[in-house]
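> Based on what follows, work out the 3D shape:
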Amino acid sequence: MVLAIGEIIQELLREHSDEKGTAESLAKKKTRISGKYGLDSSPRLTDIIAAVPVEHRKFLYPKIKAKPVRTASGVSTNQL
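Alright, predicted model coming up:
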């Protein structure tokens, strides 16, 4: 799982530095890389966000942040 998360982050960084590169959706990346490593399920967004190096969070976080989650008391937002 750790190798898959690392590869997803590396591809996101590569896409960011490659201005005219083709942007594959995060869901497709997760599916493709999970299959490559033979994982039963894709890595969770929270695991990917936690593994992003601090110096790259500013520009990667908007690409991978999770949508707000509804709770019994209202909407809970995820913030870094």
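
> The protein: strands as residue ranges?
For the chain, applying DSSP state E gives strands covering 69-71, 74-76.

> weakest of these in terms of mean pLDDT?
With a mean of 65, strand 74-76 has the lowest mean pLDDT of the strands of the chain.

> So residue 39 sits against residue 5, correct?
No - the pair residue 39 / residue 5 is not scored as a contact, 10.3 Å apart, by Cβ atoms under 8 Å. Every residue, glycine included, has its C-beta placed from N, CA and C.

> in this protein, which helix or strand is least confident?
Ranked by mean pLDDT, DSSP states H and E, the weakest helix or strand in the chain is strand 74-76, scoring a mean of 65.

> still on that earlier bit, when residue 39 and residue 5 are compared, which one has more neighbours?
Applying other Cβ atoms under 10 Å to residue 39 and residue 5 shows that residue 5 carries more neighbours, namely 19 against 15.

> Can you give me the distance of the more buried one to residue 57?
15 Å (Cβ to Cβ, to the nearest Å).

> Low-confidence regions, this protein specifically.
Applying pLDDT under 70 to the chain flags residues 19-23, 66-69, 74-80.

> May I have the helix ranked longest in it as CSV, with CA atoms only?
Determined from DSSP state H, the single longest helix within the chain is helix 2-17. Extracted in CSV, the C-alpha atoms of helix 2-17 (Å, rounded to 0.1, in the frame of the first residue of the first chain):
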residue,chain,number,x,y,z
VAL,A,2,2.8,2.4,0.8
LEU,A,3,4.5,1.9,-2.6
ALA,A,4,1.2,2.6,-4.3
ILE,A,5,0.6,5.8,-2.4
GLY,A,6,4.2,6.9,-3.1
GLU,A,7,3.7,6.3,-6.8
ILE,A,8,0.4,8.2,-6.9
ILE,A,9,2.1,11.2,-5.3
GLN,A,10,5.1,11.0,-7.7
GLU,A,11,2.7,11.0,-10.7
LEU,A,12,0.8,14.0,-9.3
LEU,A,13,4.1,15.8,-8.8
ARG,A,14,5.2,14.9,-12.3
GLU,A,15,1.9,16.2,-13.8
HIS,A,16,2.3,19.4,-11.8
SER,A,17,5.8,20.1,-13.2
